[in-house]
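Enquirer: could you work out the structure for the sequence below:
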Amino acid sequence: MTRCAPALIVLVVAACRGAGGAPVATPLRPACGPGQAWTGTACQPVGPAARELATGVAAITAFDVDRALVALDAAAAAGPLDHAQHVQLWEQRGLGLAYLEREADATAAFARLLALDPGHLLSYTLSPKATFVFERARKAPSRAPVLELGWTGGQEVGAAVPIDVEVVADPDTLLAHATLFVRTRGATTWQLAPLPLGPGRRRLVLPAVQASRPSALELHARGYDQAGNEVLLWASPDQPREIPLRFDPPPPWYRRWWVWAATGTVVALGTGIGVWAATREPPDKLDVPVGVR
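Expert: Modelled structure (predicted):
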């Protein structure tokens, strides 16, 4: 009975290695389809925001400021706005308010514009009424939210990929939600997962990529305010960040640890049986009938 124990141990160890210790991956969902926008929590039909925004821009160009501000308010209400639309909304608001000589309101609008797009510049052909206010807003400390995503090197095919997430700065509390968009290199569609936000460093675990060759994950992220408008871009669909995934071919069957463990167990059992057979003393009497024919 004792000599059979090693075989049982091998089976138990193999089962434990296959079942334990793997991080729990976050499920990915498909990105929104045509005519829909992601708000950070759900897909939503695209509203008339683009049309209202275009009306506001045309009115600002014509110096019809009152009409422009009405159209811009309508665009904000018809959101969610993507990042480019959101930037344009606050730029045009700042211009209109500056043209009305509402300097404090214009400065606040330009400050929000620069929080969304810190490198933004106005055309030098615009009225000094606007450009002077904008330049003063640019000299103020940055109010932009900053999201940091990181991972360790040496990620591999067939293993989950942990992503560390940290909100480094958000002085105006713009970030209500954030989403990571993911695809395997060569794929044409994105999948997404919500990013955990909060104080300190958080972690998101991406599902393993199954492949028989080296691969890579492409990533970009977006942050959203409470209304679902985009307030932050981390990389982009056209220029995503990349996580290389190496591929280690599986070893031949005869090099696997459990094969040698099982072989060792069989050898040990055979040796034990041989020793037992060789050292067992024969009985003093044999109960074999003897007869003469």
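
Enquirer: and the residue nearest the centre of the protein?
Expert: Nearest to the mean C-alpha position of the chain, by CA atoms, centre = their mean, lies residue 180 at 3.7 Å.

Enquirer: what strands line up against the helix or strand where that residue lies, and which way round?
Expert: Applying DSSP states H and E as the criterion places residue 180 in strand 177-184. Strand 177-184 sits in its sheet next to strand 191-194 (antiparallel), strand 215-224 (antiparallel), going by DSSP bridges.

Enquirer: starting at the chain centroid, how far to it?
Expert: 4 Å (CA atoms, centre = their mean, to the nearest Å).

Enquirer: which residues touch it?
Expert: Strand 177-184 has contacts (CB atoms under 8 Å, 6 or more residues apart in numbering) with 28, 31, 38-41, 147, 149, 163, 165, 189-195, 197, 204, 206, 209, 211, 215-224, 232, 237. For the C-beta atoms, the positions are set from N, CA and C on the backbone; glycine is no exception.

Enquirer: residue 94 is nearest to which of the strands paired with strand 177-184?
Expert: When the strands paired with strand 177-184 are compared by CB to CB, strand 215-224 sits nearest residue 94, at 21.3 Å.

Enquirer: ok, now how distant is residue 179 from residue 43?
Expert: As judged by CB to CB, to the nearest Å, residue 179 and residue 43 stand 11 Å apart.

Enquirer: strands of this protein, residue ranges please.
Expert: 29-30, 36-38, 43-45, 146-150, 161-169, 177-184, 191-194, 201-206, 215-224, 230-234, 241-245 (DSSP state E).

Enquirer: would TSV of these with distance to residue 98 be doable?
Expert: Shown next, in TSV, are the strands of the chain (distance: least, CB to CB, whole Å):
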stretch	distance to residue 98
strand 29-30	43
strand 36-38	30
strand 43-45	32
strand 146-150	28
strand 161-169	27
strand 177-184	32
strand 191-194	38
strand 201-206	40
strand 215-224	27
strand 230-234	22
strand 241-245	37
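
Enquirer: ok so, going back, the contacts of strand 177-184, buried ones only, as a PyMOL selection?
Expert: Only the buried entries of the contacts of strand 177-184 go into this PyMOL selection, using 16 or more other CB atoms under 10 Å:
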select buried, resi 28+31+38+39+40+147+149+163+165+190+191+192+193+195+197+204+206+209+215+216+217+218+219+220+221+222+223+224+232
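
Enquirer: contact partners for the closest residue to residue 178 other than its chain neighbours?
Expert: In this structure, residue 178 finds its nearest non-sequential neighbour in residue 195, 4.0 Å apart by CB to CB, 6 or more residues apart in numbering. Neighbour list for residue 195: 147, 149, 165, 178, 179, 180, 202, 204, 221 [criterion: CB under 8 Å, 6+ apart].

Enquirer: run the last query once more with 10 Å
Expert: 26, 40, 147, 149, 163, 165, 167, 175, 177-180, 202, 204, 221-223, 234 (CB atoms under 10 Å, 6 or more residues apart in numbering).
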